[in-house]
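In: need a structure here:
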Amino acid sequence: MARKFLYIIAGITVLILIGAISLAIWSRQATEIAFVPRTPFVEQTPLANNAYSDPAMWYSRPGMGTNDPARYEPAIEAKDGTIHPGQPADPSSTPRFAVFFVHPTSYLPLALSEKANWNDTLNDPVSEARARLYLRGMASAFNRADEIWAPKYRQAAVGAFLTDKPEAQKAIDAAYGDVREAFRYFVASVPKDEPIVLAGHSQGALHILHLLRSEIAGAPLQKRIIAVYAIGWPISVEHDLPALPMPACAAPSQTGCVVTWSSFAEDADPTMLMTRYAATPGFDGKPRGDGPILCVNPLTGSVNGSAPASANLGTLVPSADLSSGKLVAGAVPAQCNAQGLLMIGSPPEMGQGVLPGNNYHVYDIPLFWRNLQQDVVRRAKAWTNAQS
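Out: As a prediction, this is how the structure comes out:
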């Protein structure tokens, strides 16, 4: 089993490398040729009404024990270089709250592949292994919650985010349909007075924002939302944020607000990100243009600003084979620039997932793992205290 796992990890690493190299040396048009599916869009059969009552439809949910990737506790590197095991939370010092986490795109087929469809299936072993890996590195930052739920869903292929073809939006909408059904089951399953954290990364963040606008805005449920962590999805300050029912998090103990950032190291070239961003309409229906994106600094918990590396309590640095990781304090600083990008200084050594232009998208959460973990708990405590 261990050898099989390492083969899967090796395959994931190769795919990441292929993607990064192709993006670095090809034009936008060639990138679309490489990753945008050429098959017709296939309408997804709606899931059964009780589909998410099946435990197999969840990567993370209560009762999974040590098999739950979101409960991963990374080791900690001390100042003297010694490694210590991570420690689970003390339930008596942490308020009760539930997390609904949507994983980022793990379906990365090349266009010439026979599996290059617009939407993933629910049983592709490669994308499932990659999703679990993402959850270990990302959803685990929310592991102080008493409940973490992370659904499987028929996600849109990575190529759907690289093209203006109408099939792309159909694929994204189809993926959201699954997420919506999972969220409704989640809400029905957690205690009715328990506060909720919504979280996701990249494609997952987009679906979280869709839930916020369509399922939560104006409903009684909105009062239970501690915060929305829509990390790694560019939110236009002018055309997206005003259309959301919650403001950006302007203070580290604020609740009922939105957190996001997009990480780049020096010398940053965000052309590919910002070109796609500018070409798509905002939540208000108007073109986003080249206006700034929202940046909530993960080291301060507030909009914009900067913080030195000494404020970074722990970056989750993966091992070479991605089978484990360790928390390293003081690894990177964080500064929101005028464009809304989160600048992290000189490129840190994080592995093979760095995208062209020194885009650390894959590592948005691991770069600030410990600070995010504490940010979530701080806002949960503030929400709980406000109720009393």
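In: And the helices in the chain?
Out: Counting by DSSP state H, one finds helices in the chain at the ranges 2-25, 28-35, 125-137, 166-189, 203-211, 271-279, 369-387.
In: winner for burial among those?
Out: Each of the helices of the chain was assessed for mean neighbour count using mean count of other C-beta atoms under 10 Å. The highest is helix 203-211, with a mean of 25. (Each C-beta comes from the backbone N, C-alpha and C, glycine too.)
In: contact partners of that helix?
Out: If you take C-beta atoms under 8 Å, 6 or more residues apart in numbering as the criterion, helix 203-211 is touched by 100-105, 153, 155-156, 161, 172, 175-176, 179-180, 183, 198-200, 228-233, 235, 240, 244, 260, 283.
In: pull the CA atoms of it into CSV?
Out: In CSV, the C-alpha atoms belonging to helix 203-211 read as follows (Å, rounded to 0.1, in the frame of the first residue of the first chain):
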residue,chain,number,x,y,z
GLN,A,203,-12.3,26.3,-7.8
GLY,A,204,-13.5,25.4,-4.3
ALA,A,205,-13.4,29.0,-3.3
LEU,A,206,-15.6,30.0,-6.3
HIS,A,207,-18.2,27.5,-5.3
ILE,A,208,-18.1,28.7,-1.7
LEU,A,209,-18.8,32.3,-3.0
HIS,A,210,-21.7,30.9,-5.1
LEU,A,211,-23.1,29.3,-1.9
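In: could you give me the average pLDDT of it?
Out: Across helix 203-211, pLDDT averages out at 98.
In: and that helix, how far out from the chain's middle?
Out: Relative to its chain's centre, helix 203-211 lies at 9 Å (C-alpha atoms, centre = their mean, to the nearest Å).
In: Hey, what's the angle from that helix to helix 125-137? Just curious.
Out: Taking axes from the mean of the first three to the mean of the last three C-alpha atoms, to 10 degrees, one finds that helix 203-211 is oriented at 80 degrees with respect to helix 125-137.
In: Quick check: Ile83 vs Ala75, distance?
Out: Counting by C-beta to C-beta, to the nearest Å, the separation of Ile83 from Ala75 is 5 Å.
In: hey, what's in contact with both of those two?
Out: Between them, Ile83 and Ala75 have Lys326 as joint contacts when contacts are counted by C-beta under 8 Å, 6+ apart.
In: which of these two has more neighbours?
Out: When Ile83 and Ala75 are compared on other C-beta atoms under 10 Å, the one with more neighbours turns out to be Ala75, at 14 against 10.
In: Show me what the more buried one is bridged to.
Out: For Ala75, the beta-bridge assignment (DSSP bridges) gives partners Lys326.
In: quick one, what contacts it?
Out: Counting by C-beta under 8 Å, 6+ apart, Ala75 makes contact with 83-86, 324-327.
In: how about 6 Å then?
Out: With C-beta atoms under 6 Å, 6 or more residues apart in numbering as the criterion, the residues that contact Ala75 are 83, 85-86, 326.
In: Return the closest of those residues with respect to Lys223.
Out: Proximity of the contacts of Ala75 to Lys223, judged by C-beta to C-beta, is greatest for Gly86, which lies at 33.3 Å.
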